[in-house]
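Novice: show me how the following folds:
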Amino acid sequence: MNANVAIQVLPKVDTDEEVVRIVDEVIAYIESTGLNYYVGPSETSIEGDYEELMEIVKNCQYIAIKAGCPKVAAYVKISYAPEGGVLTIDQKVTKHHK
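Specialist: Below you'll find the predicted structure:
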């Protein structure tokens with residue numbers, strides 16, 4: 001693992017229910033990748049190989065559009081260390097969830 005990303009997908013739809021439905025589809029896609037991920041209240045963190053993560057970030061937009069949203073925005077945070085050594089999700093949050 002040489003990278004992790006945090007992505008917040010923001011579907012441009014009319015109701016909160018639609019936002020939740022579309023974001024749930026994006027999270028289901030992230031889960032289907034088999035990578036380690038963590039769903040937070042405002043973003044989802046994923047860890048893995050940089051190139052694979054960039055493909056997932058791109059596909060999150062496509063999943064939201066395919067789910068019926070006419071326009072989507074996303075905020076993405078990236079931590080990348082080509083030789084490895086980025087902090088894992090567990091290292092970042094475990095102590096706060098005991």
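Novice: now the strands for the protein?
Specialist: 3-11, 36-39, 44-48, 72-80 (DSSP state E).
Novice: what's the closest of these to Glu18?
Specialist: strand 3-11 (6.9 Å; C-beta to C-beta). Bear in mind the C-beta positions are built from the backbone N, C-alpha and C, glycine included.
Novice: can I have that closest one written out in PDB, keeping just the CAs?
Specialist: What follows is strand 3-11, C-alpha atoms only, in PDB (Å, rounded to 0.1, in the frame of the first residue of the first chain):
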ATOM      1  CA  ALA A   3      -1.500   5.600  -0.900                       C
ATOM      2  CA  ASN A   4      -4.900   6.500   0.700                       C
ATOM      3  CA  VAL A   5      -7.600   8.700  -0.400                       C
ATOM      4  CA  ALA A   6     -10.600  10.300   1.200                       C
ATOM      5  CA  ILE A   7     -13.500  11.100  -1.100                       C
ATOM      6  CA  GLN A   8     -16.700  13.000  -0.500                       C
ATOM      7  CA  VAL A   9     -19.100  12.600  -3.400                       C
ATOM      8  CA  LEU A  10     -21.700  15.300  -3.700                       C
ATOM      9  CA  PRO A  11     -24.600  14.500  -6.100                       C
END
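Novice: ok, what's across the strand from Glu47?
Specialist: Beta-bridge pairing of Glu47 under DSSP bridges involves Asn4, Asn36.
Novice: Leu35 is in contact with that one, correct?
Specialist: Yes: when contacts are counted by C-beta atoms under 8 Å, Glu47 is listed as touching Leu35 (6.6 Å).
Novice: quick check: neighbours shared by those two?
Specialist: Common contacts of Glu47 and Leu35 (C-beta atoms under 8 Å, 6 or more residues apart in numbering): Leu53.
Novice: looking at those two, which one has more neighbours?
Specialist: Neighbour count, other C-beta atoms under 10 Å: between Glu47 and Leu35, Glu47 has more, with 21 against 16.
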